[in-house]
Each structure stands twice: as structure tokens, then as C-alpha cells.
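*Asks:* How does the following fold in three dimensions:
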Amino acid sequence: MRQALHVFYSLVATLLILMHAAMAKDSNMEEKLNTAFAAGQLSGLHSVLVIHKGSIIAENHYRGDDQRWGESLGDVEHNKDSLHDLRSVTKSVTGLLYGIALSEGIVPGLDESLLHQFPAYADLASDPQRSKILVRHALSMKMGTEWNEDLPYSDPRNSEIAMEQAADRYRFALDRPMVNEPGDWWTYNGGATALIGELIAKGAGVPIDVYARNKLFAPLGIKKFEWVTGSDGVPSVASGLRLNIHDLARIGRLILDRGVWQGKQIVPADWLDVSFTPHAKLRDGLRYGLFWWLGPDGMPPYWVAGFGNGGQRLMISPANKLIVVVFAGNYNQPDAWKLPVKIITEFVLPAVSPR
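*Replies:* Modelled structure (predicted):
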């Protein structure tokens, strides 16, 4: 199951963040990664970037099969400029965009009714239990609706894939059977992200990719990106964003600096505080904020992260001023989590351990 797959990762990341000694540059880390890749020990790895206190301590890129949102790209020679699927790390970026939009007053507050933002579906609001769903329940994935993303994303029974194939993605996300009281139970839910993305687009009056370019990417100096759209032409806010590895690391840097970039507040600091406050404690010890995974310990958390299908990772450790980005091509593989874990345990941890 999704949560069980991340239990080892959470333990490893906790160990990493608990190390408070100064990080020394490991001049052999890149060589060690290359050796392991050549030996077939890092199957599916495309790129790794490790940054500490603004300095790159490792950057490696490899050749391998890749996809663009499920469509094969064949054998790709990855490099620092290659656009890569973020998959569900896209959700975390969408969370940042909601915070920007909220500060501009163009989206509803967290405690406003979600269904009231979609008046076209007034019939759904007549359900007393469903009418209790708040905006915060979508952002924390505690809507109380039935949703199943444990199936491979190549399976049409996967709820996110079914939503993409539905005639109306928003009605699909809102009319799932109620199985829990809103706010009581966490269920991984790409439909919740789709609803939040629509609130941003409606409030801004432009598609979310345009809003992202104007309010987040351009201020960070991100000039090239792609946001894949579904068959209805709507950008997939659950999984469709593509960035290069350095530009994703810029977002990590923004978080380390409390939403400030080159002296300008891009994302409100108080929104980051809310996003990184645990809203759900999961069975494997991980916690979940507002579209961000949180380490099992500490408040503020010792680490925050975006996870994506295939082994994509953006992990930020504010305590250690550390950013780790991993791109990989192990899409729909249930053990894809093992690759970033291996990189952290066998390559990053030795570089940050006290000497």
C-alpha cells in the first residue's frame, strides 16, 4: 500500500535530519553514484541533485527510458536542462499556488464550503454529509469520499485515471460516495487536487499553468516548463507538471527561505506554516500537511517533501538547509520508493554524517 511503501523512507529521512554536524563535501559522491549506476544498482535513475547551504554537493544525470505522463519518450539522455515528469510532486506545487492565490484574495478561505464554490453542482450540496466538506478538507485530502489510487496509474479503475477519462472531472471528484465524515479520515486523492486547481483558475481568470508562470515560475527565474493537459484541455494539477531538476530545486530553495526569493516574498510565510502543520498522521508514521508530506517528528517538521510516481522526490530539510531532488523512470512500479531511499541511505547520508 502507498503508506507502507514510504515507511522506510520516513525512518531514513528522520535520521538524516537529526544530524546537526556541518556537512562536508564528499568529492567522491558523484563517482560512487556513477559506479553504482554502471553496476545496475540504481535501476531507473535519471537524475540526482543534492544541495546544502546553496552549494551543489552532487549532480548526476543518466540515460534511460522515460515517459511524458504515461506516453513513452523512448531512451532519453537526461541532463540539467531536461524536462521531467514530476508526477505527484505537482500536487505540492499546486499547494504553493493556492497560498499565493489566497494572499491575493482570489480563492476561498480554508473553512469555506467546498461545494458552494461549485454552484453548477447544487444537487450534490443537498447531501447533508457532503455539504460539510470544506476547502481545507480538499487540501489535506480528508474529504471523506471514496477514492482509490492504490491501483497502477495504467489501470483505468484507478480513481485519478477514471477522473481524467470522465466527461466532467470536477463532478466526478465531488460526487464519489461518502464513506467517512469530512475531516475524519485521510485518503490519497488526486481529485481533491483537481478541485483546488479549479478554484485557483477560476479566481485568477486564467488557466493554472498561466497563473503558475506569472506568480511562481517567472519570479523564480523558471523559464521553461510544461504542464500536461487532459483530454478536456485542462492542465492536470495532480500529476502533469514537468520541470528540469534545477528548477525544481529552486522551489526547494524558496521553501528553505520561507517563501522569499531574491528579497521578494513569493509565497506567504504563514501559508508555508499552515501547509507544513500536520493535518493527518498516517499509519506508517508519516504525516501530511496541505499537499505536502511531512516527516514523522518535529514541529516544524524536520523535513517536508513532494513524492511522485516512479521515484520522483523533492525533499527539503530546513534544519540542515538541505535539498535532495531525484528523478527516475520506475513508473507504476510498487517498489519505486526503494530507489530514492537507496540514494539517501548509501550516498547522501555518508556525505552528511559527522566525520
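*Asks:* Can you tell me, leaving aside adjacent residues, what's nearest to the residue nearest in space to the middle of the chain?
*Replies:* A centroid search over the chain (Cα atoms, centre = their mean) returns Val89, at 2.3 Å, as the residue closest to the centre. Once flanking residues are discounted, Val89 sits nearest to Gly306: 3.6 Å by Cβ to Cβ, 6 or more residues apart in numbering. In short, each C-beta sits where N, CA and C put it, glycine included.
*Asks:* for the one you found, which residues make a bridge with it?
*Replies:* Leu314 (DSSP bridges).
*Asks:* And it, how far from Pro177?
*Replies:* Distance from Gly306 to Pro177, counting by Cβ to Cβ, to the nearest Å: 29 Å.
*Asks:* ok, these two, which is more surrounded?
*Replies:* Gly306 (25 against 9; other Cβ atoms under 10 Å).
*Asks:* and the more buried one, what does it touch?
*Replies:* Leu86, Ser88, Val89, Lys91, Ser92, Val93, Trp292, Trp293, Gln312, Arg313, Leu314 (Cβ atoms under 8 Å, 6 or more residues apart in numbering).
*Asks:* What secondary structure category should be reported for Leu49?
*Replies:* strand (DSSP: H, G, I helix; E, B strand; the rest coil).
*Asks:* Likewise for Gln67?
*Replies:* strand.
*Asks:* show me where pLDDT drops low in the protein?
*Replies:* 1-27, 352-355 (pLDDT under 70).
*Asks:* one more time with 80, if that's ok
*Replies:* Across the chain, residues meeting the criterion (pLDDT under 80) sit at 1-27, 345, 349-350, 352-355.
*Asks:* From Ala125, how far out is Ile344?
*Replies:* 45 Å.
*Asks:* Comparing the two, which shows the higher neighbour count?
*Replies:* Ile344 (22 against 17).
*Asks:* Would you confirm that the more buried one contacts Ser317?
*Replies:* No: Ile344 lies out of contact with Ser317 (Cβ atoms under 8 Å); the separation is 10.9 Å.
*Asks:* Can I get stretch 267-280 as PDB, trimmed to CA atoms?
*Replies:* Written as PDB, here are the backbone C-alpha positions of stretch 267-280 (Å, rounded to 0.1, in the frame of the first residue of the first chain):
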ATOM      1  CA  VAL A 267       4.800  32.500  -1.100                       C
ATOM      2  CA  PRO A 268       3.500  33.900   2.200                       C
ATOM      3  CA  ALA A 269       5.500  32.500   5.100                       C
ATOM      4  CA  ASP A 270       2.300  31.900   7.100                       C
ATOM      5  CA  TRP A 271       0.900  29.800   4.300                       C
ATOM      6  CA  LEU A 272       4.100  27.600   4.500                       C
ATOM      7  CA  ASP A 273       3.500  27.300   8.200                       C
ATOM      8  CA  VAL A 274      -0.100  26.100   7.600                       C
ATOM      9  CA  SER A 275       1.000  23.800   4.800                       C
ATOM     10  CA  PHE A 276       3.600  22.200   7.000                       C
ATOM     11  CA  THR A 277       1.400  21.700  10.000                       C
ATOM     12  CA  PRO A 278       0.300  18.100  10.300                       C
ATOM     13  CA  HIS A 279      -3.300  17.700   9.300                       C
ATOM     14  CA  ALA A 280      -3.200  13.900   9.200                       C
END
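*Asks:* What residues sit buried inside it?
*Replies:* Within stretch 267-280, the residues that count as buried by 16 or more other Cβ atoms under 10 Å are Val267, Pro268, Trp271, Leu272, Val274, Ser275, Phe276, Thr277, Pro278, His279, Ala280.
*Asks:* contacts for that stretch?
*Replies:* So stretch 267-280 is contacted by 95-96, 98-100, 102-103, 110, 136, 140-142, 186, 216, 254-255, 258-260, 287-292, 294, 299-301, 304 (Cβ under 8 Å, 6+ apart).
*Asks:* and if you look at stretch 289-302?
*Replies:* Contacts for stretch 289-302 (Cβ under 8 Å, 6+ apart): 6, 10, 13-14, 17-18, 91-92, 94-95, 98, 136, 139-141, 193, 196, 273-279, 285-288, 303-307, 317-319.
*Asks:* Can you classify the residue lying closest to Asn34 once chain neighbours are set aside by secondary structure?
*Replies:* Closest residue to Asn34 apart from its sequence neighbours, by Cβ to Cβ, 6+ apart: Asn60 at 6.6 Å. Of the three states, Asn60 takes strand according to three-state DSSP.
*Asks:* For Asn60, give me its contacts.
*Replies:* Glu30, Leu33, Asn34, Phe37, Ser47, Val48.
*Asks:* gap between it and Leu49?
*Replies:* 8 Å.
*Asks:* Then Arg68?
*Replies:* Taken as Cβ to Cβ, the span from Arg68 to Leu49 is 20 Å.
*Asks:* Of these two, give the one with the bigger neighbour count.
*Replies:* Leu49 (23 against 15).
*Asks:* Which strand or helix spans the closest residue to the more buried one other than its chain neighbours?
*Replies:* Distance criterion Cβ to Cβ, 6+ apart; nearest residue to Leu49, sequence neighbours excluded, is Val325 at 4.4 Å. Taking DSSP states H and E as the definition, Val325 sits inside strand 322-328.
*Asks:* same for whichever helix or strand comes after that strand, what does it pack against?
*Replies:* Sequence-wise, the next helix or strand downstream of strand 322-328 (DSSP H and E) is helix 338-343. With contacts defined as 3 or more Cβ pairs under 8 Å, 6 or more residues apart in numbering; DSSP states H and E, helix 338-343 has these neighbours: helix 7-17, strand 45-52, strand 322-328.
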